[in-house]
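>>> Show me the folded form of this:
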Amino acid sequence: ETGMATNDERIVTLNVQEDFAEKLTTGRPVQAIAELIWNGLDAEATSIKVTAEDGQIGLQSVTVQDNGHGMTYEEGLKFFENLGGSWKKANNLSKNGERHLHGKEGRGRLRALALGRVAEWTSTAKDANGDLQTFTVTIVRDNVRTAKLMAASRAEEGARPGTRVHISELDKDWQLDTDAVAQEFSEFFALYMTEYPGLSISVVGRTIEPAAAIALSKSFSLKPIERNGESFPASLDIIEWQLPTERMLYLCDEGGLPLHRVPPGIHAPGFEFSAYLKSSYNSRLSQEGTLDLAELDAGLEGAIEDGKEQLRSHFKSRLAEDTRSRVERWKEEA
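The predicted structure is shown next:
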């Protein structure tokens, strides 16, 4: 549904239920920013920078800028009209076929509003004639199902393709420059940045470099998840970190995009780790809006228990290795 406000402005009503839209506008700030970064990665960006602007009484705004291929005005109309129904959903590869797609559900569009009341997208892309055009989209949380699109205009001199998301009227004075926040971003993008090296992601002046903090990484196959005659492959990635972290089991899509997280629920003294349970079944539950009720889904609960058992086995083996190497060192030191 669209309406014409002025010659330069177009109002689009998002095709999404009000309660689902409001659900997406809540959550932790790191999750919200991470999903905006995923949008840039899906646009084949090689550089993504998150910056924050301080005001007189604390944090004033947050901006996520990428150098991806951006969106034309026509693509923007389709992108914002139907949450979860964009071109991404029908494809497994990004626009130019260079990367696996992660943001198939379009969650990042409204997640921005978990940070603040107003979110504005400014996107620059080449039109059909090869000329760079820029347009803006604004969504206000008070009317979350309505997007205001300003008509495209010729890009400024020296502009390059990419998208800038600016979130203002923030809910809190979010603390984004801490070691814990940087580590959480490393956990979010560890699998992806391992698959696609050479990407640059910085958050409030901190470079996110998961590889530099990884002590050990291993992958394991899990039993498939069965549901109504369908079988969904599942696997578990374990990353041990050199730095302190809050242990988490991330429920991911088949490509490694974290969709939800739960405590791992195991004892592993002396080890700092993150675990990633990957399956298209997680994507299915996320689309149904039930992934945050994982313990109530028999199929996923079984996979989680399978993953926990694999974690216990892994760290039992790692502890034995550590003990053997320590004894050998003691022998060498007499």
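>>> Scan this protein for its longest strand.
Longest strand in the chain by number of residues (criterion: DSSP state E): strand 214-227.
>>> Tell me the helices and strands packed up against it.
Secondary-structure packing of strand 214-227 (3 or more CB pairs under 8 Å, 6 or more residues apart in numbering; DSSP states H and E): strand 230-241, helix 298-332. Quick note: C-beta positions are derived from backbone N, CA and C, even for glycine.
>>> pLDDT below threshold where in the stretch 101-250 of the chain?
101-108 (pLDDT under 70).
>>> quick one, strands of the stretch 101-250 of the chain?
For the stretch 101-250 of the chain, the strands defined by DSSP state E, counting those that start in this stretch occupy 116-126, 132-140, 146-154, 162-170, 200-203, 206-207, 214-227, 230-241, 248-252.
>>> okay if I get the helices and strands packed on strand 214-227 as TSV plus distance to residue 255 and mean neighbour count?
Output for the helices and strands packed on strand 214-227, formatted as TSV (distance: least, CB to CB, whole Å; neighbours: other CB atoms under 10 Å):
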stretch	distance to residue 255	mean neighbour count
strand 230-241	11	19
helix 298-332	17	14
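>>> export the strands of the stretch 101-250 of the chain to JSON lines and tack on distance to residue 183?
What follows is the strands of the stretch 101-250 of the chain, written out as JSON lines (distance: least, CB to CB, whole Å):
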{"stretch": "strand 116-126", "distance to residue 183": "24"}
{"stretch": "strand 132-140", "distance to residue 183": "30"}
{"stretch": "strand 146-154", "distance to residue 183": "34"}
{"stretch": "strand 162-170", "distance to residue 183": "22"}
{"stretch": "strand 200-203", "distance to residue 183": "11"}
{"stretch": "strand 206-207", "distance to residue 183": "10"}
{"stretch": "strand 214-227", "distance to residue 183": "12"}
{"stretch": "strand 230-241", "distance to residue 183": "7"}
{"stretch": "strand 248-252", "distance to residue 183": "11"}
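>>> quick one: the closest residue to residue 161 other than its chain neighbours from residue 79, how far?
Excluding the flanking residues, the one nearest residue 161 by CB to CB, 6 or more residues apart in numbering is residue 70, at 4.3 Å. For residue 70, the distance to residue 79 equals 11 Å [CB to CB, to the nearest Å].
>>> Same question for residue 314.
41 Å.
>>> ok, now residue 200?
According to CB to CB, residue 200 and residue 79 sit 24 Å apart.
>>> Show me which of the two is the more surrounded one.
When neighbours are counted by other CB atoms under 10 Å, residue 200 and residue 79 differ, and residue 79 comes out ahead with 23 against 14.
>>> And that one, how far from residue 154?
Counting by CB to CB, the gap from residue 79 to residue 154 is 21 Å.
>>> With residue 238 instead?
50 Å.
>>> try residue 309
Relative to residue 154, and taking CB to CB, residue 309 is found at 59 Å.
>>> Which one of the helices and strands packed on strand 214-227 lies nearest to residue 161?
Residue 161 lies closest, by CB to CB, to one member of those: strand 230-241, at 32.4 Å.
>>> Could you name the helices and strands sitting against the closest one?
Using 3+ CB pairs under 8 Å, 6+ apart, strand 230-241 sits against helix 179-195, strand 214-227, strand 273-278, helix 280-288, helix 298-332.
>>> For it, which strands pair with it and how are they oriented?
Strand 230-241 has these partner strands in its sheet, going by DSSP bridges: strand 214-227 (antiparallel), strand 273-278 (antiparallel).
>>> ok, residues contacting stretch 26-35?
The contact list for stretch 26-35 (CB atoms under 8 Å, 6 or more residues apart in numbering) reads 50, 62, 64, 103, 107-108, 111-112, 114-115, 172, 174, 176, 181, 184-185, 188-189, 203, 258.
>>> Okay, buried residues for it please.
By 16 or more other CB atoms under 10 Å, the buried positions in stretch 26-35 come out as 29-35.
>>> Nearest to residue 330, out of these: which one, please.
Residue 330 lies nearest to residue 30 out of the buried residues of stretch 26-35, by CB to CB, at 41.8 Å.
>>> which SS state does the closest one fall under?
Secondary structure for residue 30, judged by DSSP: H, G, I helix; E, B strand; the rest coil, is helix.
>>> related to what we said a few turns ago, surely the residue nearest to residue 161 is in a helix?
No: assigned with three-state DSSP, residue 70 falls outside any helix and is coil.
>>> how much space is there between it and residue 9?
From residue 70 to residue 9 the distance is 20 Å (CB to CB).
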